[in-house]
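*Asks:* Predicted structure and sequence below. I'll ask about it afterward.
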Amino acid sequence: MQIQKMAHTQISIPVDNLELLTALVKKLGGQVSYGIHDPMPEVERGGKMLKSLRRRAGLTQREVAKALGIPQSHVSEFERYKRNIPYKHAQTLAELLHTLPSHFMNPNSETLEAMSELEKGNGQRFKSAEELFENLGI
């Protein structure tokens, strides 16, 4: 019998989607544990993620700054929410810290507009997990 490796992750989703996501995770062989909390303010998310991943990688602000080609003070300002992380730097950080550029960025106007449309109910929503799975071909 082969043992399958599992990854542990934390995601934030609207509570009304929890049942659907739980069904998807279970269908794919995963497990779900619950916790409901207030989301982190968007302005803080990128800086907190940068600081956490930089420390986990054992890098200093100076080393990250060198990889980005910017002053160390800019990295400090990113981590303290004094400066937004531009997309070009988010791409480099993602490669350096083995993650996604979106982890370091605030949503842009297009993303905020799409989120607003979904909140109004103007997006494609599936009535059941089965309908979603069928649409995804799983």
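*Replies:* Sure, I can see it.
*Asks:* Buried ones in stretch 62-82, by neighbour count?
*Replies:* 64-65, 67-68, 70, 74-79 (16 or more other C-beta atoms under 10 Å). C-beta here means a position set from N, CA and C on the backbone, and glycine is covered the same way.
*Asks:* Adding pLDDT, write the residues you listed out as a markdown table.
*Replies:* Shown next, in a markdown table, are those (pLDDT from 0 to 100):
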| residue | pLDDT |
| --- | --- |
| Val64 | 96 |
| Ala65 | 97 |
| Ala67 | 96 |
| Leu68 | 96 |
| Ile70 | 96 |
| His74 | 95 |
| Val75 | 96 |
| Ser76 | 95 |
| Glu77 | 93 |
| Phe78 | 91 |
| Glu79 | 92 |
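*Asks:* Report the two of those residues separated the most.
*Replies:* Ala67 and Glu77 (16.3 Å; C-beta to C-beta).
*Asks:* Out of the buried residues of stretch 62-82, which is nearest to Ser33?
*Replies:* The nearest member of the buried residues of stretch 62-82 to Ser33, counting by C-beta to C-beta, is Glu79 at 29.1 Å.
*Asks:* Identify the residues contacting that closest one.
*Replies:* By C-beta atoms under 8 Å, 6 or more residues apart in numbering, the contact list for Glu79 reads 47-48, 50-51, 54, 61.
*Asks:* same question, Phe104
*Replies:* Counted by C-beta under 8 Å, 6+ apart, Phe104 has contacts 46, 49-50, 78, 85, 89-90, 93-94.
*Asks:* among the residues you listed, who's most crowded?
*Replies:* Within the contacts of Phe104, Phe78 tops the neighbour count with 28 neighbours, counted by other C-beta atoms under 10 Å.
*Asks:* how near is the residue most central in space within the chain to Glu131?
*Replies:* By C-alpha atoms, centre = their mean, the mean C-alpha position of the chain lies nearest to His103, the distance being 4.8 Å. For His103, the distance to Glu131 (C-beta to C-beta, to the nearest Å) stands at 30 Å.
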